[in-house]
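Chemist: Need coordinates for the following:
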Amino acid sequence: MDTIDIVVETTAGSKAKYKFYKKNQHLKVKKLLPAGMVFPYDFGFIPGTKGEDGDPVDAMVIAEFSTFPGCHIECRLIGAILAEQTEGKKTVRNDRYIFIPEVSLFFHETTSLKQLSSEHLEQLTEFFINYNRAEKKEFRPLDVVDAEKAWQLLKKQQE
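Modeler: Numbers count the residues shown, from 1 in each chain. This next block holds a predicted model:
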């Protein structure tokens with residue numbers, strides 16, 4: 001199965017959301033999450049891609065460990081949560097691609113989102129809904145797709 005490097009911006013358990021600025025090649029604290037809310041897993045982006053929102057495509061890395069902001073980690077794609085995101089009157093596709101690190105021991109046999117429990121997937125989706133709500137944005141899940149379909153969509157977003 002193909003792998004891809006993900007750049008971690010925000011680590012699992014963090015209240016602070018970091019953003020990588022390509023122009024200056026640095027990370028900066030973008031915002032803080034509301035009380036009681038933290039990132040469930042490492043969150044970052046796929047280098048060399050561009051989503052409809054103008055940013056690199058979002059990636060969540062499901063693992064039994066966290067890394068550090070700016071870390072590159074080799075991962076395999078297991079699927080995506082397809083979604084629309086609305087801010088004000090503007091609506092764009094803003095899918096969330098889900099990955100497993102190649103070095104993971106706990107998830108080493110996970111190759112599809114369908115292998116996660118329905119409750120786990122629902123909690124991930126709810127995290128994205130609530131995360132966006134805190135920013136006065138609406139996140140509307142459209143579908144959940146397997147790795148093969150996610151790769152097809154991702155290839156269309158490569159710069």
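
Chemist: Would you tell me which strand is longest in the protein?
Modeler: Of all the segments of type strand in the chain, defined by DSSP state E, the longest one is strand 72-87.

Chemist: So for the closest residue to residue 12 other than its chain neighbours, what pLDDT did the model give?
Modeler: Nearest residue to residue 12 in three dimensions, chain neighbours excluded: residue 66, at 3.8 Å (C-beta to C-beta, 6 or more residues apart in numbering). Yep, even glycine has a C-beta here, placed from its N, CA and C like the rest. What the model reports for residue 66 is a pLDDT of 91.

Chemist: Run through the residues that contact the closest residue to residue 21 other than its chain neighbours.
Modeler: Nearest non-adjacent residue to residue 21, counting by C-beta to C-beta, 6+ apart: residue 28, 6.2 Å away. For residue 28, the contact set (C-beta atoms under 8 Å, 6 or more residues apart in numbering) comprises 18, 19, 21.

Chemist: can you do 10 Å?
Modeler: 9, 18, 19, 20, 21, 69 (C-beta atoms under 10 Å, 6 or more residues apart in numbering).

Chemist: residue with max distance from the center of the protein?
Modeler: Outermost residue of the chain with respect to the C-alpha centroid, by C-alpha atoms, centre = their mean, is residue 89; its distance is 23.6 Å.

Chemist: how about it, phi and psi?
Modeler: In terms of degrees, to the nearest 10, the main-chain angles of residue 89 are phi -100, psi 0.

Chemist: So it versus residue 53, what's the distance?
Modeler: According to C-beta to C-beta, to the nearest Å, residue 89 and residue 53 sit 15 Å apart.

Chemist: Can you verify residue 125 is assigned to a helix?
Modeler: Yes: assessed by DSSP: H, G, I helix; E, B strand; the rest coil, residue 125 belongs to a helix.
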